[in-house]
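Asker: what's the 3D shape of this:
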Amino acid sequence: MPLRPVALSVALQIGVPRQAVVIAAGVLAVLLTIEILLTLGYSVVKSNRQKRQTPIRESLRDELLTRLYRPAAPEWEQWVESLSEEQRAVLEALLDEYLRELDGADATQLAALGEALGITQRAHRHLKHGSYTDRLQALTWLALLQDAPAIEVLKEHCTGTPKERAAAVRVLHESGHPEIGRIGIDLLLSDNPKPFSIFGVDTLYRAAEKDPSHLFERAAADFVDWEPQLQQQVLLSCRYLRTLVGDAELSWLVEALNSPAERTRAEALKTLGGFGWHPTLLEGIDLQSLVNDSSPLVRTSAYQMFGEWGDETAIDLLRFAGMADPNARARVAAARALIAYDGEYDFSIPDQLAAWSWAAEQASYDAVVRDISAEATMTGGSS
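Answerer: Numbering: from 1, shown residues only. A predicted model of the protein is given here:
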């Protein structure tokens, strides 16, 4: 049945006057028609603009590359002054494209073209006086142009949202700021921020690579005040920095195991997997409580952590608690962790145990794949 008669029937059933329903339906039909016409009109205009700009784009591309790679100076200013407004807009789009692809001396030369087009000056102005969208666009351009604003400007104007924080720190990173580690981590994590996007987490990791200890210090001070999702994001970054932390404060990692959020507990265990060498830290962990956790996700992470540790206590927990876990996925995780030590420790697992059989088959398959890959590498290297 057509939608309009159905709507009309329902409206009449609930007591709406027939004339009002007919008028409303007519208005909706007109609005829908207008929307369709506007959409079609916009598509036609956009298509015509693209057709018109294609030869302009190709011409500008050729000229840009010629000037970029010629022995003499590119003379960007003189070239830009000779272009129309439309040509400058097309050239900006080309510059954006090439800055994302090139680096080194080429990127430095193209940054000068950004200045000649007025992009650099406009971006710095928008940071201070522009709208939210203007600021994000400005930060994107400044990252591409590797032109970091003053830290005070970023702190004052670019810490309102997680997206702004991440974009501001990415500018510092791309510009090679000498204190990107400490300053970047503080910009991202000060004042109890909201959780980040994937881009923000990646930016946090890039900043923390430069000063891993400071991220651990920041977490030690503020971890309990963060939202669970932000806690998990920081733990994820710390997991890949754990071999670089030196003598940083680590007790907060153990305290994270008491979080009411299961994913925070699980991420803390994954991070602690790399600290088997730290006996003082491990003394504060109640291992039995981990295998008795109500969450299969947490128990699975615990078995993976025991597999990374690989000492006798960890192996015993994998054999007895892991192989008897009521959750099938957790048993498989324990088996996969345990089978890596088959032959190194004196233990036996019934072959008919499904988790063990599956893990053994997977380990065998992985070994074959590694052998084939190694053989292919050697063959390719010798040819």
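Asker: If you count neighbours, what's buried in stretch 58-78?
Answerer: Of the residues in stretch 58-78, Leu60, Glu63, Leu64, Arg67, Leu68, Pro74, Trp76 count as buried by neighbour count, 16 or more other C-beta atoms under 10 Å. From N, CA and C alone the C-beta is placed, and that goes for glycine too.
Asker: and those residues, which two are the farthest apart?
Answerer: Greatest spatial distance among those (C-beta to C-beta): Leu60 and Pro74, at 13.3 Å.
Asker: hang on, the earlier thing: just checking, which of the buried residues of stretch 58-78 belong to helices?
Answerer: Among the buried residues of stretch 58-78, the ones falling in helices (DSSP state H) are Leu60, Glu63, Leu64, Arg67, Leu68, Trp76.
Asker: The fourth one touches Trp79, doesn't it?
Answerer: Translated: Arg67. Yes. Using C-beta atoms under 8 Å, Arg67 makes contact with Trp79 at a distance of 6.6 Å.
Asker: which residues does the closest residue to Asp186 other than its chain neighbours contact?
Answerer: Using C-beta to C-beta, 6 or more residues apart in numbering and skipping the chain neighbours, the partner closest in space to Asp186 is Arg218 (7.3 Å). Arg218 sits next to Ile185, Asp186, Leu189 when contact means C-beta atoms under 8 Å, 6 or more residues apart in numbering.
Asker: Report how many residues lie close to the second one.
Answerer: The local packing of Asp186 (other C-beta atoms under 10 Å) involves 17 other residues.
Asker: Helix or strand: which one has it?
Answerer: Taking DSSP states H and E as the criterion, Asp186 maps to helix 180-189.
Asker: Can you list the low-confidence ranges for the stretch 201-350 of the chain?
Answerer: Of all residues in the stretch 201-350 of the chain, those with pLDDT under 70 make up the ranges 242-246, 350.
Asker: where exactly do the helices run in it?
Answerer: Taking DSSP state H, counting those that start in this stretch as the test, the helices found in the stretch 201-350 of the chain are 212-222, 228-239, 251-255, 262-272, 279-282, 287-291, 296-309, 312-317, 328-339.
Asker: Which elements pack onto the shortest one?
Answerer: If contacts are counted by 3 or more C-beta pairs under 8 Å, 6 or more residues apart in numbering; DSSP states H and E, helix 279-282 sits against helix 251-255.
Asker: Mind listing what's buried along the helix it packs on?
Answerer: Within helix 251-255, the residues scored as buried using 16+ other C-beta under 10 Å are Trp252, Leu253, Val254.
Asker: Same question for stretch 185-196.
Answerer: Ile185, Asp186, Leu187, Leu188, Leu189, Pro193, Pro195, Phe196.
Asker: What is the most widely separated pair among these?
Answerer: Applying C-beta to C-beta across the buried residues of stretch 185-196, the maximum distance is between Asp186 and Pro195, 17.4 Å.
Asker: just to revisit the earlier point, now, among the buried residues of stretch 58-78, which is nearest to Glu92?
Answerer: Glu92 has its nearest neighbour among the buried residues of stretch 58-78 in Leu60, at 10.1 Å by C-beta to C-beta.
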